[in-house]
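A.B. asks: Sequence isn't available, so here's the structure alone:
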């Protein structure tokens, strides 16, 4: 069987289109410092693997999957020294408020079990569907759906928001 | 989408330092390119494995897509690998350089274009013009003047491979990828340097 020639776009076009999304997802999963490391590593891995890709479809999802794995690795390696779950003690006011739009939500998300936290971050920050979330977490779409719905239920009760 | 879900899409890390995320830093690309402003317009310069593969007036999206298909999809905007190309081009455009010490890769050219372009620097000389018919004769295709014109018109390595020195049989400038003003500028430059 001959492999069809895949016409991949120039890698620079991927960077220009998605570098902010990659950075944001990596930061949401691993924190600002480790997140930037994770994003850089993710781009290095993606660049190395790029010419061997067999499909030019869903490149954003492919990038975010790599980003999620790098963010998980970086985060796990650092966990003993710097738990991300440590919520900052004071409410943010003044000029910093814009840099941190929804602190209650942030705290509640960080108190979720890790798999749930990653799943909802990938789903909502990364805007991936359950297939994409599942690929990034090495699980099935059904399991992704469960992680997300359990996480949403916990967040609703913690934040006191109604089902709408 | 519920209200909670839309709040989640805006979920952001506390970032009191307002640190902007950084663009990735990658090794030297298979194909590195840069956009270079010159007196004859913005040119896209690209290099692969040390050889100039594009020196073109074409737009960034079209050119990088062609490079991705013809050479490697690992195409990156990187100025440093093109330092020497930019320097030589600037010297040429300032009238202080007559020949380029650069190797060329004709990956973007058709087989016929390669035939026409490869020896162009030896079939032309600085400060002089030749005709499409003469170039056709030089490559042993005396009847192919029109095809030579088309091949030169789509030269992917403009200026470095001096297609601007080739004009119509009656001396008319005919056409140039960078526009007739650019062709006139280059011929005037060579005439007075």
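C.D. replies: Perfect, thanks for sending it. Everything numeric in this text was worked out from a predicted model, so none of it was measured.

A.B. asks: Now do the helices in the chain.
C.D. replies: You didn't say which chain, so I picked chain A. Secondary structure of chain A (DSSP state H): helices at A:11-30, A:32-49, A:59-78, A:103-110, A:114-120, A:130-136, A:141-159.

A.B. asks: that's the wrong chain, I meant chain B
C.D. replies: Using DSSP H, helices in chain B cover B:3-9, B:60-70, B:83-93, B:111-118, B:120-123, B:132-138, B:145-153, B:180-192.

A.B. asks: Dump the helices of chain A to JSON lines, plus mean neighbour count and mean pLDDT.
C.D. replies: Every residue, glycine included, has its C-beta placed from N, CA and C. Output for the helices of chain A, formatted as JSON lines (neighbours: other CB atoms under 10 Å in any protein chain shown; pLDDT from 0 to 100):
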{"stretch": "helix A:11-30", "mean neighbour count": "22", "mean pLDDT": "93"}
{"stretch": "helix A:32-49", "mean neighbour count": "20", "mean pLDDT": "92"}
{"stretch": "helix A:59-78", "mean neighbour count": "21", "mean pLDDT": "87"}
{"stretch": "helix A:103-110", "mean neighbour count": "18", "mean pLDDT": "85"}
{"stretch": "helix A:114-120", "mean neighbour count": "22", "mean pLDDT": "92"}
{"stretch": "helix A:130-136", "mean neighbour count": "22", "mean pLDDT": "92"}
{"stretch": "helix A:141-159", "mean neighbour count": "17", "mean pLDDT": "95"}
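
A.B. asks: out of those, nearest to residue B:81?
C.D. replies: With CB to CB as the measure, helix A:11-30 is the member of the helices of chain A nearest residue B:81 (13.5 Å).

A.B. asks: How many residues are close by the closest residue to residue B:165 other than its chain neighbours?
C.D. replies: Excluding the flanking residues, the one nearest residue B:165 by CB to CB, 6 or more residues apart in numbering or on different chains is residue B:124, at 4.1 Å. If you count neighbours by other CB atoms under 10 Å in any protein chain shown, residue B:124 ends up with 20.

A.B. asks: Give me the phi and psi angles of residue B:124.
C.D. replies: Main-chain dihedrals, residue B:124, degrees, to the nearest 10: phi -130, psi 170.

A.B. asks: Could you check how far it is from residue A:5?
C.D. replies: 36 Å (CB to CB, to the nearest Å).

A.B. asks: so how far is stretch B:102-122 off the chain centroid?
C.D. replies: 13 Å (CA atoms, centre = their mean, to the nearest Å).

A.B. asks: average pLDDT for it?
C.D. replies: What stretch B:102-122 shows for mean pLDDT is 94.

A.B. asks: now do stretch B:57-74
C.D. replies: 97.

A.B. asks: What residues of that stretch count as buried?
C.D. replies: By neighbour count with 16 or more other CB atoms under 10 Å in any protein chain shown, stretch B:57-74 contains the buried residues B:57-58, B:60, B:63-74.

A.B. asks: What about chain A: which of those touch it?
C.D. replies: Contacts with chain A within these, as defined by CB under 8 Å from any CB of the partner chain: B:64-65, B:67-69, B:72-74.

A.B. asks: Distance of residue B:81 relative to residue A:63?
C.D. replies: 24 Å.

A.B. asks: ok, back up a step: farthest pair within the ones next to chain A among the buried residues of stretch B:57-74?
C.D. replies: Farthest pair in those, by CB to CB: B:65 and B:74, 13.5 Å.

A.B. asks: shared neighbours of these two, anything?
C.D. replies: Jointly contacting residue B:65 and residue B:74 under the rule CB atoms under 8 Å, 6 or more residues apart in numbering or on different chains is no residue at all.
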